[in-house]
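> with the input below, show me the fold.
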Amino acid sequence: VNEEIARMKRSRVELQRRLEEEKRKQKEILSAKSAEISILKRSAQRNQTELKRLGQAKEKAEGVGRRHLEELALLKKLQKQKFGIGRNKPISAEQRGTKRWLDARVREATKREEAAERLQEEYKSKLL
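Okay, the predicted model is just below:
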């Protein structure tokens, strides 16, 4: 009877040790998973912030592009109205100077438009 009681006590102690070991392992696993979740949440937040920043930059670039297109269209319209492009009539020296000035503005507007388009493509590629 005493031997059986001693054996049962040893068995109980062994079961308690295993239970404590299992609790410790589960606690470590839970802690590791919690840390991993925190890291993933921070990463997702950074990604969301970057996506928002790129979206805002894209909208800004699109706005700049629209304004440049409108300016270019206006300059071309003004050029056609003022100089009768396509009518093949001679123009005065003053008109030639004004035409050169307008041509320069059109070239500048075109360069800005192309730069805005390149920037827009760059943002699109970053979003993908």
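
> quick one, grab the pLDDT at the most centrally placed residue in the chain.
By Cα atoms, centre = their mean, the mean C-alpha position of the chain lies nearest to Leu54, the distance being 3.1 Å. Per-residue pLDDT puts Leu54 at 82.

> average pLDDT for stretch 97-105?
81.

> show me what the worst-scoring helix or strand of the chain on mean pLDDT is packed up against.
Sorting the helices and strands of the chain by mean pLDDT, DSSP states H and E puts helix 93-127 at the bottom, at a mean of 80. Where contact means 3 or more Cβ pairs under 8 Å, 6 or more residues apart in numbering; DSSP states H and E, helix 93-127 is packed against helix 2-83. Just so you know, the C-beta spots here come from the backbone N, C-alpha and C atoms, and that holds for glycine as well.

> my read: Lys99 touches Lys80, true?
No - the criterion here is Cβ atoms under 8 Å, and Lys99 misses it with Lys80 at 11.1 Å.

> compare these two (neighbour count), which wins?
Shown here are Lys99 and Lys80; by other Cβ atoms under 10 Å, Lys99 has more neighbours (15 against 12).

> give me the buried positions along the least confident helix or strand of the chain.
By neighbour count on 16 or more other Cβ atoms under 10 Å, the buried set for helix 93-127 is Thr98, Leu102, Arg105, Val106, Ala109, Arg112, Glu113, Ala116, Leu119, Gln120, Tyr123.

> who touches the fourth one in this structure?
Read it as Val106. Listed by Cβ atoms under 8 Å, 6 or more residues apart in numbering, the contact partners of Val106 are Leu72, Leu75, Lys76, Gln79.
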